[in-house]
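Colleague: Give me coordinates for this.
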Amino acid sequence: MTEFENFIGFNPWTALFTLLNMVLTFLILKKFLFKPVTKMIDDRQKEIDKLYADANVAKQDAESMRDDYTRKLSEAKETSAQIVAEATQEANRRSDEIIRQARQDADALRQKAGADIDLEKKKALNEVKGDISRIALDIAGKVVERELDEKDQERLIEGFLRQMGETV
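Modeller: Down below sits the predicted model:
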């Protein structure tokens, strides 16, 4: 076998020592290298899983906050629209009330002015009638050249006033 060993270059003892050396190296590497590396990889995987879980929780919180913000914004818009509508209604009501009050005041002023005008007209007519009565008496007295008694004066005044009233 020596020729065969020389031709192939196979030595069973060398192969056995190489195999034992390889098993021993594997056991040492497993003990001192594979276990710590595997532990480090597992720890890193747990940390990454924790980060993903935290990110999902943060995402859900953000979505919840966004939904809450959207709801509150919608409520605020509805509230502001309601406030504006109420303010507009109040302004319209107040405007109508002011216009109604102004019309009532204007009507009252017109009625008072009309009553004042009628009163002044009556006063003026009475003054004119009185003046005309005196003038008519003076003229009648001169025409008749005598003084009229009280009854004749009243009769003449009433007749004259009736004629004046019919012409006015």
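Colleague: helix, strand or coil for T18?
Modeller: Counting by DSSP: H, G, I helix; E, B strand; the rest coil, the backbone at T18 sits in helix.
Colleague: what stretches of the chain score poorly on pLDDT?
Modeller: Residues of the chain meeting the criterion pLDDT under 70: 1-10, 138-148, 164-168.
Colleague: let's see it at 90
Modeller: 1-15, 18, 29-38, 118, 120-168 (pLDDT under 90).
Colleague: from the chain's centre, how far out does stretch 86-105 sit?
Modeller: Distance of stretch 86-105 from its chain centroid, counting by C-alpha atoms, centre = their mean, to the nearest Å, is 20 Å.
Colleague: Please renumber the chain so that the first residue is 51 from this point on.
Modeller: OK, 51 is where the count begins now, so the last one is stretch 136-155.
Colleague: Identify each buried residue in it, please.
Modeller: Going by neighbour count (16 or more other C-beta atoms under 10 Å), nothing in stretch 136-155 comes out as buried. (Glycine included, C-beta is placed from N, CA and C.)
Colleague: ok, and what's touching that stretch?
Modeller: Contacts to stretch 136-155, defined as C-beta atoms under 8 Å, 6 or more residues apart in numbering, come from no residue at all.
Colleague: just the helices in this structure please.
Modeller: Assigned by DSSP state H, the helices in the chain fall at 52-54, 62-79, 85-194, 200-217.
Colleague: Roughly how far does Q95 sit from I149?
Modeller: Applying C-beta to C-beta, to the nearest Å, the value for Q95 to I149 is 80 Å.
Colleague: I should have written S114 there, sorry.
Modeller: Counting by C-beta to C-beta - S114 and I149 are separated by 52 Å.
Colleague: For burial, what's the neighbour tally of L206?
Modeller: 15 (other C-beta atoms under 10 Å).
Colleague: right, and it touches D199 too?
Modeller: No - using C-beta atoms under 8 Å, L206 is not in contact with D199, being 10.9 Å away.
Colleague: mind checking how far stretch 171-188 is from the chain centre?
Modeller: The chain centre lies 69 Å from the centre of stretch 171-188; the measure is C-alpha atoms, centre = their mean.
Colleague: Return the set of buried residues in it.
Modeller: In terms of neighbour count (16+ other C-beta under 10 Å), stretch 171-188 has its buried residues at K179, S183, A186, L187.
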